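In: Coordinates for the following, if possible.
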Amino acid sequence: MRRFLEKLIIVSFCLFNSYKINPHENLVVCFLISLVISLVLDLMDNKKIRTIIYFLFIIICFSNSSFILYFPLILYNVYLDFGIFTIFTFTLILMNFSIANLLLSITAVYLSTMTKKYNQILDENKTVRDELKEDTFYLEKYNKQLLVDKEKNIHIAILTERNRIARELHDSIGHAISSSILQVEALKVISTEETVIKNLDTLQNTLKNGMDDIRKSIHNLYNESLDLKNQIEKLCSEIPNIDVELVYKFDDEINYDLKFDILSVIKEALTNCAKHSNATKIKISLLNQPKFYSILIEDNGSQFDDRNKGIGLLSMKEIADKYNGFFNCRFDDGFKIHMTLMKG
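Out: Have a look, this model is predicted:
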């Protein structure tokens, strides 16, 4: 729009100047040809072709000096292409010299200079904008990783406290009750009264039942902190209107960090499926291979949003890289994610 307005001003003065200098000549053809050449220069991206057009205009000027009066219109584009070297073309003005045409040519160069600087500033602003977008992207990624780490640390703290409680139950209360059971058994041996023995049997049974309850509680605490399958099933149950099929063939000897990362992958995949797909089914396969763990997630969605190829999938790839594994995703009759995580 800026270039259009500036050229409109130049061509208006060129038209006025041409009829003022040659009021009796029919300059319509010169005006139209010069205007068409100017428009072609604006539309043509190839600089070599534009250079050829400039030479053609110079030849036209030699054949008809009236075209010199429209030279400022072409000069506007010449400066954009050749910069300071445009000064050599000013000699053409001498073929049909007028002060007004010279001043208009200088004005055209000035406007072209301002436009060139404006475009440079615009390009710089675009570069800064793209850099800001890139920084924003990495900042979002960093913040998301912080949230993941925070959640992970909180979960680790909870598990650590559970394990501490379980150990204390086992070491202190468990040993105390075991000792009490042995002492009751000893009292039964040395006791001779049937009533006392009967009461000691009742006490011993109560202590044994309490010991069994403590053992179950300790076992449940450990199982709750390590049950990956249960956590995945819980995530699947929270996805509405989607039938989730889980194939779980992992062994139980997986460290906590790996389990947490696998859970993050499943959570991200389920979230993306719910938000960006119209899928009705999703299948999650967790397979235990001799050298690696394999994760395959596929749905039957019929749409795919390119915006989804952002932080979520990038974080999955980083998890795969963390374990020297492989990550791949594609859209083929639904969205499919395949990931391998190396053992060891």
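
In: so Ser315 makes contact with Lys267?
Out: No. At 10.6 Å, Ser315 does not count as touching Lys267 under the criterion of Cβ atoms under 8 Å. (Glycine included, C-beta is placed from N, CA and C.)

In: Now do the same for stretch 6-14: mean pLDDT, whole number.
Out: Averaging pLDDT along stretch 6-14 gives 75.

In: Give the buried residues for that stretch.
Out: Buried positions in stretch 6-14, judged by neighbour count with 16 or more other Cβ atoms under 10 Å: Glu6, Lys7, Ile10, Val11, Phe13, Cys14.

In: In helices only, show me the residues you listed.
Out: Those of the buried residues of stretch 6-14 mapping onto helices are Glu6, Lys7, Ile10, Val11, Phe13, Cys14, per DSSP state H.

In: how close does the fourth one sit to Phe55?
Out: Read that as Val11. Look at Val11 and Phe55: by Cβ to Cβ, to the nearest Å, they are 21 Å apart.

In: try Lys116
Out: Using Cβ to Cβ, Lys116 is found at 22 Å from Phe55.

In: How about Thr91?
Out: Using Cβ to Cβ, we find Thr91 at a distance of 15 Å from Phe55.

In: Likewise for Asn272?
Out: 58 Å.

In: next one: Leu296
Out: Per Cβ to Cβ, Leu296 is found 64 Å from Phe55.

In: what ranges do the helices span in the protein?
Out: According to DSSP H, the chain carries its helices in the segments 2-21, 28-43, 47-63, 71-82, 99-168, 174-190, 194-226, 228-237, 256-276, 311-322.

In: quick one: the longest one to helix 311-322, angle?
Out: Think helix 99-168. Between helix 99-168 and helix 311-322, the angle comes out at 60 degrees (axes from the mean of the first three to the mean of the last three Cα atoms, to 10 degrees).

In: Could you list every helix and strand in contact with helix 99-168?
Out: helix 2-21, helix 71-82, helix 194-226, helix 256-276, helix 311-322 (3 or more Cβ pairs under 8 Å, 6 or more residues apart in numbering; DSSP states H and E).

In: C-alpha coordinates for the first one, CSV please?
Out: It stands for helix 2-21. The C-alpha trace of helix 2-21 is given here as CSV (Å, rounded to 0.1, in the frame of the first residue of the first chain):
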residue,chain,number,x,y,z
ARG,A,2,2.9,2.4,0.8
ARG,A,3,4.5,1.8,-2.6
PHE,A,4,1.2,2.3,-4.4
LEU,A,5,0.5,5.6,-2.7
GLU,A,6,4.0,6.9,-3.4
LYS,A,7,3.8,5.9,-7.0
LEU,A,8,0.4,7.5,-7.3
ILE,A,9,1.9,10.8,-6.1
ILE,A,10,4.8,10.5,-8.6
VAL,A,11,2.7,9.5,-11.6
SER,A,12,0.3,12.4,-10.8
PHE,A,13,3.2,14.9,-10.9
CYS,A,14,4.7,13.3,-14.0
LEU,A,15,1.3,13.6,-15.8
PHE,A,16,1.0,17.2,-14.7
ASN,A,17,4.6,18.0,-15.7
SER,A,18,4.3,16.4,-19.1
TYR,A,19,1.3,18.3,-20.1
LYS,A,20,2.7,21.5,-18.7
ILE,A,21,5.9,21.1,-20.8
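
In: can you list contacts of it?
Out: Residues from elsewhere that reach helix 2-21, judged by Cβ atoms under 8 Å, 6 or more residues apart in numbering: 27, 30-31, 34-35, 38, 42, 66, 69-70, 72-73, 76, 96, 98, 100-101, 104, 107-108, 111-112, 115, 118.

In: Derive a PyMOL selection command for the buried subset of those residues.
Out: Buried subset of those, written as a PyMOL selection, criterion 16+ other Cβ under 10 Å:
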select buried, resi 27+30+31+34+35+38+66+69+70+72+73+76+96+100+101+104+107+108+111+112+115
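
In: you'd agree Leu104 is up against Ile74?
Out: No. With contact defined as Cβ under 8 Å, Leu104 and Ile74 do not form a contacting pair (11.9 Å).

In: which of the ones in helices among the buried residues of stretch 6-14 lies closest to Asp130?
Out: Within these, distances to Asp130 taken as Cβ to Cβ reach their minimum at Glu6, with 27.5 Å.

In: Can you give me the neighbour number for Gly325?
Out: By other Cβ atoms under 10 Å, 18 other residues sit near Gly325.

In: now it: how far from Ile165?
Out: Using Cβ to Cβ, Gly325 is found at 35 Å from Ile165.

In: Same question for Thr86.
Out: Distance from Thr86 to Ile165, by Cβ to Cβ: 84 Å.
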